[in-house]
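>>> I'd like to go over a predicted model; first the sequence, then the structure.
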Amino acid sequence: MYLPIPTAKPLLFIPCIVALIATALPAHAGTQPRDTVQVVRANEQRHFPATVPAGNYSGITHYRDNQYLVVSDKSKTDGFFIFDIDIDSISGQLIQVVNRGFCSSQLANRDGEGIAYLPVSQTVLISGEADGRILEYDPNGQLTHREAEVPAIYRKADRNLGFEALGYNAYTHRVWTCNEGTLDGDGPCSDSRNGARNRLRFQSFDEALKPIAQYAYLTDAPLSTRTSALFAMGVPTITPLSDGSLLVLEREFYVSPAKLGSYVNCRLFQAWPDTPLTSEDCLNRDDVLYMDKHLLTQWQTRLTLFNHSLANYEGMCLGPRLANGSQVIILVSDSQDQYYGVLKDWFKTLVVRLK
């Protein structure tokens, strides 16, 4: 997401009551609804200024061995970077990240936000937020002239609240994406004061890039209740798992009018796409069935006088398996080109146990 930060200037009734309360709670509240992913360790974020030039890194996918493909929403041309990422086989901590160069399509940047590698065709998909398209590329960055058949409903997306997330899983053979913010007609979009929960549409495609099914997803409410200089709340990235569930990152980026006091709050959920939408009707209705979800972990980074940890995480993918069989999740942040020398290109790993 392109988010420029401005410069500073009675007893019988008890069972019924309990049931009502339970249905009113968010999907991730209370006991775990299913067999869920377990977060074993959340490693501290790191940056690698000597080997990763300032950028606007907004999506990541595993390619082969220790190589990953990374997309930038403001690269000079349309295409993707190749990164080497080395990870400790015991702790899952990042050892080194190196940007090895850019594969260009020689066309204009489409505000590339999400990226996914398809081993079956040895091709790369990139979602463009500016044009609302998901295009396919070969490993050298050239267009194959194939693209996903995106349902017309997504044309209602605001230019800056469209496709950011993109993910693929070779076991389920599904490509996944969603709109970052609520589409026009689906209800209010979250802002820093209204407490609205975004109603999103998760879309799956097959490996031929034909649409399969669409599911309704409801984000948590934002933390903020104050006026902001800039604000972004939504889902910037999805990682599909082999059991059919999805890892979903909900990111709230609050920019204080004074800049100091800005924060990014991240919540990582596991969600289950069980009941597809039967039409493209408005999601702002009482009978909509939203995807079940469970909170796995959350963290916050901030910008204060003595704390410059602010990290706008927008990309996520599966990393390697560790020696004990645990799975690494890799996250990459968008520093807005290391904005004013204050922000950094942060990377972070989570170690999870998949069931």
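Looks like it came in fine.
>>> now do the helix or strand where Ile82 lies: which elements does it pack against?
Per DSSP states H and E: Ile82 is located in strand 79-87. Packing partners of strand 79-87 (3 or more CB pairs under 8 Å, 6 or more residues apart in numbering; DSSP states H and E): strand 57-64, strand 67-72, strand 94-104, strand 112-118, strand 313-321, strand 327-333. Using the backbone N, CA and C atoms, a C-beta is placed for each residue, glycine as well.
>>> at 6 Å what do you get?
Using 3 or more CB pairs under 6 Å, 6 or more residues apart in numbering; DSSP states H and E, the elements in contact with strand 79-87 are strand 67-72, strand 94-104.
>>> to Asp243, which of those lies closest?
Among the helices and strands packed on strand 79-87, the nearest to Asp243 by CB to CB is strand 67-72 (23.0 Å).
>>> hmm, who's touching the closest one?
The contact list for strand 67-72 (CB atoms under 6 Å, 6 or more residues apart in numbering) reads 55-63, 80-83, 85, 112, 115, 126.
>>> okay, the helices and strands packed on strand 79-87 in JSON lines with distance to Asp35 next?
Putting the helices and strands packed on strand 79-87 into JSON lines (distance: least, CB to CB, whole Å) gives the following:
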{"stretch": "strand 67-72", "distance to Asp35": "28"}
{"stretch": "strand 94-104", "distance to Asp35": "29"}
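>>> right, so these: which one is the most enclosed?
Burial of these is given as mean neighbour count (mean count of other CB atoms under 10 Å); strand 67-72 ranks first at a mean of 24.
>>> out of the helices and strands packed on strand 79-87, nearest to Val120?
strand 67-72 (15.9 Å).
>>> and Thr51, what pLDDT?
Per-residue pLDDT puts Thr51 at 98.
>>> A helix includes Tyr154, no?
Yes: counting by DSSP: H, G, I helix; E, B strand; the rest coil, one finds Tyr154 located in a helix.
>>> ok, it - how many residues close by?
Using other CB atoms under 10 Å, the number of residues around Tyr154 comes to 19.
>>> Asp274: neighbouring residues, count only.
Counted with other CB under 10 Å, Asp274 comes out at 11.
>>> any idea which element it lies in?
Remark: Asp274 resides in no helix or strand, with elements defined by DSSP H and E.
>>> the residue lying closest to Gly128 once chain neighbours are set aside and Cys103, how far apart?
Nearest-residue entry for Gly128: Arg110, 3.1 Å, with adjacent residues in sequence omitted and distances by CB to CB, 6 or more residues apart in numbering. Using CB to CB, to the nearest Å, Arg110 is found at 15 Å from Cys103.
>>> what do you get for Leu241?
Distance, Leu241 to Cys103, by CB to CB: 28 Å.
>>> likewise for Tyr339?
For Tyr339, the distance to Cys103 - CB to CB - is 26 Å.
>>> repeat that for Pro320.
23 Å.
>>> pLDDT below threshold where in this protein?
Scanning the chain for pLDDT under 70 picks out the ranges 1-33, 159-160.
>>> find the nearest non-adjacent residue to the residue nearest the centre of the chain, please.
Nearest to the mean C-alpha position of the chain, by CA atoms, centre = their mean, lies Thr237 at 1.4 Å. Using CB to CB, 6+ apart and skipping residues adjacent in sequence, the residue nearest Thr237 is Met316, 4.3 Å away.
>>> neighbours around that neighbour, how many?
Neighbour tally, Met316, other CB under 10 Å: 27.
>>> residues touching it, list them.
Thr237, Thr239, Leu249, Leu331.
>>> who touches the last one in this structure?
Pointing back at Leu331 there. For Leu331, the contact set (CB under 6 Å, 6+ apart) comprises Tyr313, Met316, Lys348.
>>> my guess is the last one contacts Arg46. True?
No: counting by CB atoms under 6 Å, Lys348 does not reach Arg46; the two are 7.5 Å apart.
>>> look at those two and report which has more neighbours.
Set Lys348 next to Arg46 and count neighbours by other CB under 10 Å: Lys348 wins out with 22 against 16.
>>> for that one, which residues count as its bridge partners?
For Lys348, the beta-bridge partners are Leu331 (DSSP bridges).
>>> how much space separates it from Thr301?
Noted for Lys348: a distance of 9 Å to Thr301, by CB to CB.
>>> could you do Arg174 as well?
Going from Arg174 to Thr301 by CB to CB gives 31 Å.
>>> same question for Arg41.
Distance from Arg41 to Thr301, by CB to CB: 18 Å.
>>> so those two - more neighbours on which side?
With neighbours defined as other CB under 10 Å, Arg41 and Thr301 compare such that Thr301 has more, 21 against 15.
>>> remind me which helix or strand that one belongs to.
Here Thr301 sits within strand 292-303, counting by DSSP H and E.
>>> which residues in this protein form helices?
14-24 (DSSP state H).
>>> and for Ile85, the neighbour number?
Using other CB under 10 Å, Ile85 is surrounded by 23 other residues.
>>> before we move on, what about Ala42?
Look at Ala42: counted by other CB under 10 Å, it has 18 neighbours.
>>> how about Lys74, nearest residue that isn't a chain neighbour?
The nearest residue in space to Lys74 (CB to CB, 6+ apart) is Asn56, at 4.2 Å.
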